[in-house]
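Student: Sequence first, then the predicted structure, then my questions.
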4 protein chains.
Amino acid sequence: MNASEPIGIAVIGAGYWGPNLVRNFQGSTRFRLRWLCDLDVERAHRVLGGYSTVQVTADLEEVLADPAVQAVAIATPAGTHLKVALSALRAGKHVLVEKPLAATYEEGLQLVEEADERGLTLMCDHTYCYTPAVLRIRELLHSGELGELHFLDSVRINLGLVQRDIDVLWDLAPHDLSILDFVLPPGVTPVAVAAHGADGIGAGRACVAYLTLKLSNGAIAHIHVNWLSPVKIRTAIFGGSKRTLVWDDLNPSQRLAIYDRGVDVASTDELGDEQRRDILISYRSGDMVAPALTEREALRTMVDEYARAITTKTPALTDGRSGLRVLELLQAASRSLAEGGTMITIDEGHMA
Amino acid sequence: MNASEPIGIAVIGAGYWGPNLVRNFQGSTRFRLRWLCDLDVERAHRVLGGYSTVQVTADLEEVLADPAVQAVAIATPAGTHLKVALSALRAGKHVLVEKPLAATYEEGLQLVEEADERGLTLMCDHTYCYTPAVLRIRELLHSGELGELHFLDSVRINLGLVQRDIDVLWDLAPHDLSILDFVLPPGVTPVAVAAHGADGIGAGRACVAYLTLKLSNGAIAHIHVNWLSPVKIRTAIFGGSKRTLVWDDLNPSQRLAIYDRGVDVASTDELGDEQRRDILISYRSGDMVAPALTEREALRTMVDEYARAITTKTPALTDGRSGLRVLELLQAASRSLAEGGTMITIDEGHMA
Amino acid sequence: MNASEPIGIAVIGAGYWGPNLVRNFQGSTRFRLRWLCDLDVERAHRVLGGYSTVQVTADLEEVLADPAVQAVAIATPAGTHLKVALSALRAGKHVLVEKPLAATYEEGLQLVEEADERGLTLMCDHTYCYTPAVLRIRELLHSGELGELHFLDSVRINLGLVQRDIDVLWDLAPHDLSILDFVLPPGVTPVAVAAHGADGIGAGRACVAYLTLKLSNGAIAHIHVNWLSPVKIRTAIFGGSKRTLVWDDLNPSQRLAIYDRGVDVASTDELGDEQRRDILISYRSGDMVAPALTEREALRTMVDEYARAITTKTPALTDGRSGLRVLELLQAASRSLAEGGTMITIDEGHMA
Amino acid sequence: MNASEPIGIAVIGAGYWGPNLVRNFQGSTRFRLRWLCDLDVERAHRVLGGYSTVQVTADLEEVLADPAVQAVAIATPAGTHLKVALSALRAGKHVLVEKPLAATYEEGLQLVEEADERGLTLMCDHTYCYTPAVLRIRELLHSGELGELHFLDSVRINLGLVQRDIDVLWDLAPHDLSILDFVLPPGVTPVAVAAHGADGIGAGRACVAYLTLKLSNGAIAHIHVNWLSPVKIRTAIFGGSKRTLVWDDLNPSQRLAIYDRGVDVASTDELGDEQRRDILISYRSGDMVAPALTEREALRTMVDEYARAITTKTPALTDGRSGLRVLELLQAASRSLAEGGTMITIDEGHMA
């Protein structure tokens, strides 16, 4: 494929997320949108509007048979990801899949292996990872500017649509878990997870859930997801040994705040015998810096990364394996939820 | 005692909290402050300032021997509560104790029994319960205006003094647990608790902790306490079947917000066979009301309640038993923390 | 024209605002977008994207000659409004004009008269008037729920693009003045205006400006517009005799807040001679209600209103005359600014 | 007077502000509070509480006759300042006066001259100037870190007590005007002032007022004071040529925010003839820094400054002359208000 020629793409699924993919692929010079495919052809036409030259079909086979289509973007329900993505890979198409990668870890693994064998790009649309804020958080953690991560507290709550097929954990926690996977510095990984939840309104599935993760460096990560909160909160605090970062995604004028404020503990190496019994703790009351962030739509950056991965034949930042790691954590969390909060160990071999 | 004559009171402990008690007892017409007692006499003098007629002593016995003293208020470290309070009760004085009631459940029980036997008032200074906001929350939950409680999410975090003798759980969670105990409607009680925590900075004790409580009506309560957050958050969300209440204690112009916004689930009784498979869920996008609250210092109301309990010989709203219930939960949470997050059942008989 | 048949429309101008009009006319079933016209054809193509069936031209005459075009929407620089709109009216087309209606009051008047003579719709795109918040404010003021308006304080500041041809007054104040014109109850009108401003950065025109308006009922309205503020504020307070309303357009979860809090003044009629000297003032410390608002894009509602006005041959809510009244105020404010803040009387006859 | 010996002080006036002075003089080691003087002796006793050794009297002469009293602090109504302060100065006492310094400029001038003649300290309690935030703002403006001041926008509104004898201008604007006087760099002074206002509720005096000040460097300062706002706002924006500072006094965690964000204008000296017509304007989208501020009560710092001024016989930071400059502006603003907003020139000679 000529790098300068746009990649022919088809979007599969015209539901909640599909329109966003359609808009962003149309806006990218790296792609040429060929098809919008949905079982409900009327819905697909509505998404495109009355002035579009993009083709519509209900027949996936028609799309996959089109040689002008080199890649697909799948935004169908999670339960169908395996079937649709597998068909696309087997037809030789690169595949981008809406989160979560698949309905189960095992299904996700099948997709990763199929893509590997065929040398095709498999990417997971972990959109939040491509926001300017999360890209900056990754940089701050990888560069050591925050020091070592001590704790992460993430809250993602609002009045959400109670899903028919999945609980709040599978609906919202993929965002937080994919961000965690994305920003953790090399060598730090989740080693265990526990989950508590409640139905509350008799919906038949958890509408409120709390996840606690132990990380390999001894840190704790905690995630609160909730469909029943009348107030919308999307905040995460990353407590580091040097600085602490607060991400408030709903505060556009100050999404990130880096505090040079915190608690210092004197190294016990510097202390005499007497002092070792009483660890010295002192306070820093430092400034706060809110870095300027570029305002760029995350999906646009994600679409660029998809093009880059396809063109350079290198893994995307959020490749199939990252989607797999998120599924591993979700599955362990679900097991913990079912068992009343038991701490479930994550099999490291699994995650490699 | 003549109801119109002020009650002679002594404050024991001139550390962090003592000055607040001194100020409020001095400001109340129901009490006459006779003594401020602290092992560090200089500190006690500093607290009173250079213009005071209140007596200072380092000798508790001197205070307890004074017949003009009918009641004491204890603001010494938790480890000393048993000894100091027991001496006071045995000297026939009414006792108010800074939270937590005692260092252990067993010690707390001793105090409750001693006060019962002697017919003396034993009260726990759960200050937050006397804020206009919490008094209103209690009213809203007891009257049924919020409907049945589905979930409670409480966050109490900021850069806090790392305590030398207790972890963040024992330092901060007594506030949230005493509020929970205070506002829950009759018949709803915590039945189990799990706790996760992390040290983070190598302080030798948990600096971040998460508590999950199961309530007897199936609801979930979750508490996040944290000494390491550079931002200060004191928020609680009470999700009810009719309305949801948000308490933001750091927003003086809108401490309480009651949302008539939420999720309705149709009763399956009203549904036909077909429909029963799909629970009907609909959204209410209602108004929010922020009720006007009087601005009154909580400690002043607490001091009044102490006077009322002493004078009428009836239990205070936050009597020794409420302090005991909080200790029961703290102790169970500590056990869970030590065991890595096991869910610990609360013995109902115990709590009665 | 058949009411059920869509109205053929052309958008003139593909600059800053044009794309929003294109998107909303495309999304409306009441219109069929025929042309996007811009002197820069490439820019017009970029706005439509690479998948559009809409025609592009640089030639206004070509558009006006098309019998399939019944209406136009003009989003060109203000200095060209007169020429473009006049051509369109003379070609028998209905006209929607981006704010301000024209570069001067006299030009605006020409447009209003031309449209009147020809029986064509002339509408001004005062977008903010069609937000759910402003529509509700209008309702609250017209219905008397707020009581009589005592004061209005409006702040619209942020880091704005310093315009090459107009000052901050002409750039931003049309929003506030059109809202004022839209929400004032019948019979209450501005009778005088004074303006102060400063250049600050040596841009050659006012970058900060303050307007003070006297209303016919004795109330005061004050508007602060500013291009140099690093923080973005869009707030208005409507002080009424019964209630006070606060509109914070940047707080999506609580755009409107209605306070039942305020100051009561006893009527002097009820008072004895003695008391008349001291007007009785008392405080109400009432609740606050934040009404639920539908989330609908203002431009969509504006587009619907344009269709309604054309179809029913009745004036639009923001018709040419409302645009004219805003021009009158802008022109008077500019004169005051030039004269150092003199209070300029608004000629009532003028405004009729 | 021995510098290490505390200064004998008397507080005159036990109304709204007196108790704060009593508390802070009692808390200072530099002063010894000898008397609290109020015509209402009962009120004075209530302020001191039931445990105080401080003397109470209704007789000012008794206080002034006491040789142990070297200084007084006056917190009586503004109309009495001249008489009380003059008596004190004539009795050889140093004088601190609650803002405003006096009821008129002429009265204030009398006090300044009397103190000068007698070599006594005359200080005005402009409390806000001693907050850590304002002290820092002064430093930032004096050091040039913000660059040259372009504009100042100050808002001080909430539901305030409608005063019986003064309007909102004289009640609230002294705060903003004294801060302005305090922070302006040497050489920059107000040269003219205009004021608009409204009564609104029929209180017989302005309850809402807007002040516009022209500064000698061409900058604009604008002040909004309002007794009728149900929301409380205390914000000021200082727009400088290098940085812009936002002070939000109600946000304790982020009172000051310094934005390195703004608009750059290329110097026309660097430009060719062609370019001079189009001033080059570019945007900086920089970081924001919220500096850590110490938390110290402003009144405590003010009290220290009073002691320093007395002991060193040097003018206080907010000496009588600063109080006089504030009176000059208030009087000019009142005149402008009465004349419907005329711009009133400030006589520079007057202010020297």
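Tutor: Structure received.
Student: if I look at A:V225, how far off is A:A198?
Tutor: According to CB to CB, to the nearest Å, A:V225 stands 12 Å off from A:A198. C-beta: built from backbone N, CA, C; applies to glycine.
Student: repeat for A:E42
Tutor: 39 Å.
Student: longest helix in chain A, by residue count?
Tutor: The longest helix of chain A (DSSP state H) is helix A:320-338.
Student: Show me what from chain A comes close to chain C.
Tutor: A:26-27, A:32-33, A:49-54, A:231-232, A:253 (CB under 8 Å from any CB of the partner chain).
Student: Now do the shared contacts for A:V225 and A:A198.
Tutor: A:208-209 (CB atoms under 8 Å, 6 or more residues apart in numbering or on different chains).
Student: Specify which residue of these two has the higher count of neighbours.
Tutor: A:V225 (28 against 24; other CB atoms under 10 Å in any protein chain shown).
Student: That one: what's it in contact with?
Tutor: A:V225 neighbours (CB under 8 Å, 6+ apart): A:156-157, A:168-169, A:171-173, A:176, A:208-209, A:211.
Student: cool, and A:G323?
Tutor: A:97, A:99-102, A:108, A:112, A:124, A:126, A:178.
Student: Chain B contacts on the stretch 51-200 of chain A?
Tutor: Applying CB under 8 Å from any CB, we find that the stretch 51-200 of chain A lies next to chain B at A:150-151, A:153, A:157, A:159, A:162, A:164, A:194, A:196-200.
Student: quick one: which of these is most hemmed in?
Tutor: A:A194 (28 neighbours).
Student: returning to that earlier point: for C:A316, state which of the contacts of A:G323 is nearest.
Tutor: Nearest to C:A316 among the contacts of A:G323, counting by CB to CB, is A:K99 at 44.6 Å.
Student: so that closest one touches A:D176, yeah?
Tutor: No. Applying CB atoms under 8 Å, one finds A:K99 not in contact with A:D176, separated by 11.2 Å.
Student: Tell me how chain A divides into domains.
Tutor: With domains defined by automatic domain parsing, chain A comprises A:7-126+A:298-318, A:129-295+A:328-351.
Student: ok, back up a step: looking at neighbours, which among the contacts of A:V225 is most surrounded?
Tutor: The most crowded member of the contacts of A:V225, judged by other CB under 10 Å, is A:V208 (29 neighbours).
Student: That one is in contact with A:A198, isn't it?
Tutor: Yes. Judged on CB under 8 Å, A:V208 makes contact with A:A198 at a distance of 4.9 Å.
Student: what residues do those two have in common as contacts?
Tutor: Counting by CB under 8 Å, 6+ apart, the common neighbours of A:V208 and A:A198 are B:150-151, B:220.
Student: Low-confidence stretches in the stretch 51-200 of chain A?
Tutor: Residues of the stretch 51-200 of chain A meeting the criterion pLDDT under 70: none.
Student: Return the distance of A:G202 relative to B:S216.
Tutor: To B:S216, A:G202 is 17 Å away according to CB to CB.
Student: can you check A:I157 too?
Tutor: Remark: distance between A:I157 and B:S216 (CB to CB) = 25 Å.
Student: how about the domains of chain A, which one is nearest D:L120?
Tutor: Nearest to D:L120, of all the domains of chain A, is domain A:129-295+A:328-351, at 39.3 Å by CB to CB.
Student: Measure how far the closest one is from the centre of its chain, please.
Tutor: Relative to its chain's centre, domain A:129-295+A:328-351 lies at 13 Å (CA atoms, centre = their mean, to the nearest Å).
Student: in the stretch 51-200 of chain A, which spans are strands?
Tutor: A:55-57, A:71-74, A:94-98, A:122-125, A:149-159, A:190-198 (DSSP state E, counting those that start in this stretch).
Student: quick revisit: and of the residues of the stretch 51-200 of chain A next to chain B, the nearest to C:A307?
Tutor: A:L159 (32.6 Å).
Student: quick one: contacts for the spatially closest residue to the closest one that is not a sequence neighbour?
Tutor: Excluding the flanking residues, the one nearest A:L159 by CB to CB, 6 or more residues apart in numbering or on different chains is A:P230, at 5.8 Å. Residues in contact with A:P230 (CB under 8 Å, 6+ apart) are A:158-159, B:244, B:246, B:259, B:261-262, B:288.
Student: quick one: strands adjacent to the one helix or strand A:P230 maps to?
Tutor: Element membership of A:P230, judged by DSSP states H and E, is strand A:228-240. Next to strand A:228-240 in the sheet, as set by DSSP bridges, lie strand A:149-159 (antiparallel), strand A:244-248 (antiparallel).
Student: Would you mark the buried spots in it?
Tutor: A:228-231, A:233-240 (16 or more other CB atoms under 10 Å in any protein chain shown).
Student: Using TSV, lay out those together with pLDDT.
Tutor: What follows is these, written out as TSV (pLDDT from 0 to 100):
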residue	pLDDT
A:L228	91
A:S229	92
A:P230	90
A:V231	91
A:I233	96
A:R234	97
A:T235	97
A:A236	98
A:I237	97
A:F238	97
A:G239	94
A:G240	93
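Student: Now render these as JSON lines, adding distance to D:G79.
Tutor: Listed next are the buried residues of strand A:228-240 as JSON lines, based on distance: CB to CB, whole Å:
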{"residue": "A:L228", "distance to D:G79": "58"}
{"residue": "A:S229", "distance to D:G79": "54"}
{"residue": "A:P230", "distance to D:G79": "51"}
{"residue": "A:V231", "distance to D:G79": "49"}
{"residue": "A:I233", "distance to D:G79": "51"}
{"residue": "A:R234", "distance to D:G79": "55"}
{"residue": "A:T235", "distance to D:G79": "52"}
{"residue": "A:A236", "distance to D:G79": "56"}
{"residue": "A:I237", "distance to D:G79": "53"}
{"residue": "A:F238", "distance to D:G79": "58"}
{"residue": "A:G239", "distance to D:G79": "56"}
{"residue": "A:G240", "distance to D:G79": "58"}
